[in-house]
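**Student:** Sequence first, then the predicted structure, then my questions.
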Amino acid sequence: MGLIIRSNQALNINPPDGDEAFSVHGSDWLWAVTAVYALSFLAFYAASFKPFSGEKIFHYIFSVALLVGFVSYFAWASGLGYSVIEVVNSKPADSWTRQVFWVKYVYWVVEFPAIILSLGLLSGVSWATIVYNIFLSWIWVVSYLVSAYTTSNYKWGFFAFGTIAWLMLAFNTLGHGGTSAKRVGLSRDHYLLSGWVNFVWLLYPIAFGLSDGGNTIGVTPSAIFFGILDVLLLPATSFVILGLSRKWDYGRLNLAFTRYGRVHDAGPFPEKSSPTAAAASGVTAPPAV
């Protein structure tokens, strides 16, 4: 009786390129990460049917981000979404090329803002601060992308620009966000989440400097490194936020949206009130059709 052997054929269909190239073992690992994103997305999408409509904002944010992560890691595990770049000061040969996967940078353009938006809503900072932090994250990501594609030592200038943007972002999320979170009574949860997020973010410059920046580690080890960081950053953080948000006062956070409209000034949720309580609050149900 013959044996049924399952094997990863992705890189046979989409062969890697470059002197420093992606391997089957790296693809195997990224398929596992893809599965994590797929299951996380399905879990969040299913969980979005349970809460009241005004309490779904974090479900919406992370469902979209997890879906983008699913698509991005599907492409990366399949050996797609890359360019072959000449690297400098890393090999004795006159010309040495490396396979750089730009798909991960595209994903970070969505992943980082999703985290920033969630922390901003939790802390109660202004929308101007949230937008400012999102643009800082984009400067960070785009600077690293340009650095990865720069074929001279000038790449470290772009690396420095991106790292400065990250430091500004860390200061805002830990400092300004923490101060604002005290006003809404959620400083403990905010410091827990922002501390974790910034700890994981701290490892991204290190991972980049070792991989697409300095070419110290190969393409497959860098894929493993970034895969671990992305799982710790988005799927892990999103489920922690989902658990903690069950006890948050959405009215106090000014995030209360109901089928009757937005509830301002920490007002009640009409859907959570009895008909008597809803009538007492001055809210009337829409007429039957």
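**Tutor:** Perfect, I can see it now.

**Student:** what about the strands in the protein?
**Tutor:** With strands called from DSSP state E, the chain shows them at 82-87, 96-101, 257-258, 261-262.

**Student:** Please render those strands as CSV that adds mean neighbour count and mean pLDDT to the earlier fields.
**Tutor:** (C-beta placed from N, C-alpha, C; glycine too.) Below are the strands of the chain laid out as CSV (neighbours: other Cβ atoms under 10 Å; pLDDT from 0 to 100):
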stretch, mean neighbour count, mean pLDDT
strand 82-87, 17, 91
strand 96-101, 22, 91
strand 257-258, 18, 50
strand 261-262, 11, 41
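
**Student:** Distance to Asn198 added to those, as a markdown table?
**Tutor:** Formatted as a markdown table, those follow (distance: least, Cβ to Cβ, whole Å):
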| stretch | distance to Asn198 |
| --- | --- |
| strand 82-87 | 29 |
| strand 96-101 | 25 |
| strand 257-258 | 29 |
| strand 261-262 | 31 |
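
**Student:** closest to Gly214 out of the ones you listed?
**Tutor:** Closest to Gly214 of those is strand 82-87 (Cβ to Cβ; 8.8 Å).

**Student:** about what we covered before: tell me which of the strands of the chain sits nearest to Ala114.
**Tutor:** Across those (criterion: Cβ to Cβ), the nearest stretch is strand 257-258, sitting at 18.5 Å.

**Student:** Spatially central residue (nearest the centroid) of the protein, please.
**Tutor:** Glu111 (2.5 Å; Cα atoms, centre = their mean).

**Student:** Correct me if wrong: that one contacts Gly69.
**Tutor:** Yes - assessed by Cβ atoms under 8 Å, Glu111 is found in contact with Gly69 at 6.5 Å.

**Student:** can you give me the offset of stretch 192-207 from its chain's centre?
**Tutor:** 12 Å (Cα atoms, centre = their mean, to the nearest Å).

**Student:** can you pull the buried residues of it?
**Tutor:** Across stretch 192-207, burial judged by 16 or more other Cβ atoms under 10 Å covers Leu193, Ser194, Val197, Asn198, Val200, Trp201, Tyr204, Pro205, Ala207.

**Student:** try stretch 235-242
**Tutor:** Pro235, Thr237, Ser238, Ile241, Leu242.

**Student:** just to revisit the earlier point, enumerate every residue touching the residue nearest to the centre of the chain.
**Tutor:** Ala65, Val68, Gly69, Asp230, Leu233, Leu234 (Cβ atoms under 8 Å, 6 or more residues apart in numbering).

**Student:** Regarding stretch 173-191, how distant is the last residue from the first?
**Tutor:** 9 Å (Cα to Cα, to the nearest Å).

**Student:** Dump the buried residues of stretch 192-207 into a markdown table; add distance to Ala21 and pLDDT as well.
**Tutor:** Formatted as a markdown table, those follow (distance: Cβ to Cβ, whole Å; pLDDT from 0 to 100):
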| residue | distance to Ala21 | pLDDT |
| --- | --- | --- |
| Leu193 | 37 | 92 |
| Ser194 | 38 | 91 |
| Val197 | 32 | 96 |
| Asn198 | 33 | 95 |
| Val200 | 27 | 97 |
| Trp201 | 28 | 97 |
| Tyr204 | 23 | 97 |
| Pro205 | 24 | 97 |
| Ala207 | 18 | 96 |
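
**Student:** Go through those residues and flag which are in helices.
**Tutor:** Leu193, Ser194, Val197, Asn198, Val200, Trp201, Tyr204, Pro205, Ala207 (DSSP state H).

**Student:** Name the nearest residue to the fourth one, ignoring sequence neighbours.
**Tutor:** The shortest distance from Asn198 to any residue other than its chain neighbours is 5.0 Å, reached at Ala170 (Cβ to Cβ, 6 or more residues apart in numbering).
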